[in-house]
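# fold the following for me, if possible:
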Amino acid sequence: MSHGKIREDKTCLNCGHQVEERFCPHCGQENTERRQPFYFLFTHFIEDFTHYDGQFWGTVKNLLFKPGKLTNIYLEGKRQVFVPPVKLYIFVSFITFFVFALFPMVNFNFDGEKGHKDSEKTGVISQMQSLDTKKILDSIKAKENLTAEDSMTIKGLSALPDSAKIDDVKEILELNKTIDPDVEYGQYKTRKSYDSALAKNPSVLDAIQKPIAHKFFELKEKGVTKKEIVVNMIQKSFHNLPKALFIYLPLFAFFLWIFHSKKKWWYFDHGIFTLHYFSFLLLTVLLIFLLTKLIGLTDFWLANTILYFLVIALSVYSMAYFFIAHRRVYHAHGLVSFIIGAALFSLNLFAFTFLVVGLALISFMMIH
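Numbers count the residues shown, from 1 in each chain. Predicted structure coming up:
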């Protein structure tokens, strides 16, 4: 709730109606002074954006720790207690992807021409190659009594790859190279040969395969490096992910609609459950992301162990959350609820995987 000073004049500035208390009964505008201190801009922003009067934090607390409660309360008609589902999802989505943009999940500075990363990579590999692993192991094993440190050294050296494996790693990491001219799409090295074969043997899948093949040959002819392809795909996929999720929401609600009584549950009800569930998923992903960023910032093993435990616990909880929320909202018998929940979970996992693959293909098609 705003803490702006209430006007002495009880006439609403917006519609002209009489205002008995803080808010106009006709249009809902708050009857506060037109001019406020400068700091009011910031406090007003925080209050409006997060419902700082307690509504927002109460919503988040119930969303995270009481699966299904927000949906039940909203469907009961109590719609002023917590943040509305659509506004909640939009806000959580904005915060999540804003944080992802500030702290990228993938470090794009891995090309070997300018960054210091490549020199570090080359240095590590050269050091690994220069180690005479056999001599070190023999010298340690020759000792009469092995210490705990010796045992750890043996395990570490045994895990080192041989020179052939190191060469394979170097080959994989060299993303500054272009697509090899001999690389084929199917059995074809050029767009001309591909189109010629396609004209002779048309297929029902040509509408999907042809644009992808043409894009592949286009990038190959332009000499686009592997690194540029990877970076562009990741960036464009990340940029399109919020839109893809928003499109997926009605599909998730549709799956719920299929598995439940059409008389008892309307599609609208499933939509509310979906918005709350996806808001929870985004918040959980954000928390896991922040925890993983904290891991490794300190050398204190206990702190890192606790962080790892929290990440695992949140991951397990996020999977169990759906089953708990589903049972509490739809009030199905335990076994029936679990079976329906498992079917829905599997179906949505398949559909979401299909969405991710489609998003990757769209991102690939958008590379220039």
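
# show me where the stretch 201-350 of the chain has helices.
Secondary structure of the stretch 201-350 of the chain (DSSP state H, counting those that start in this stretch): helices located at 206-222, 226-259, 267-294, 301-330, 334-365.

# and those, which is most packed in?
helix 267-294 (a mean of 18; mean count of other C-beta atoms under 10 Å). Backbone N, C-alpha and C define where each C-beta goes, glycine included.

# report the angle between that helix and helix 226-259.
Angle, helix 267-294 to helix 226-259, by axes from the mean of the first three to the mean of the last three C-alpha atoms, to 10 degrees: 140 degrees.

# report the rounded mean pLDDT for helix 267-294.
Average pLDDT, helix 267-294: 93.

# list the helices and strands that helix packs on?
Other helices and strands packing on helix 267-294, by 3 or more C-beta pairs under 8 Å, 6 or more residues apart in numbering; DSSP states H and E, are helix 55-65, helix 69-75, helix 85-102, helix 226-259, helix 301-330.

# kindly provide the distance from Phe322 to Ile95.
Distance of Phe322 to Ile95, given as C-beta to C-beta, to the nearest Å: 22 Å.

# please apply the same query to Glu8.
39 Å.

# who's more crowded, these two?
Between Glu8 and Ile95, Ile95 has the larger neighbour count (other C-beta atoms under 10 Å), namely 15 against 7.

# that older thread, tell me which of the helices of the stretch 201-350 of the chain lies nearest to Glu30.
Closest approach to Glu30 among the helices of the stretch 201-350 of the chain is made by helix 267-294 (27.4 Å; C-beta to C-beta).

# now do the contacts for Asn348.
Phe252, Phe255 (C-beta atoms under 8 Å, 6 or more residues apart in numbering).

# and Tyr194, how far from Ala313?
With C-beta to C-beta as the criterion, Tyr194 and Ala313 are 50 Å apart.

# determine the three-state secondary structure at the residue lying closest to Lys210 once chain neighbours are set aside.
Residue nearest to Lys210 in three dimensions, not counting chain neighbours: Leu198, with 6.7 Å by C-beta to C-beta, 6 or more residues apart in numbering. State at Leu198, reduced to three classes by DSSP: H, G, I helix; E, B strand; the rest coil: helix.

# where does the protein have its least confident helix or strand?
Lowest on mean pLDDT, DSSP states H and E among the helices and strands of the chain sits helix 116-130, with a mean of 44.
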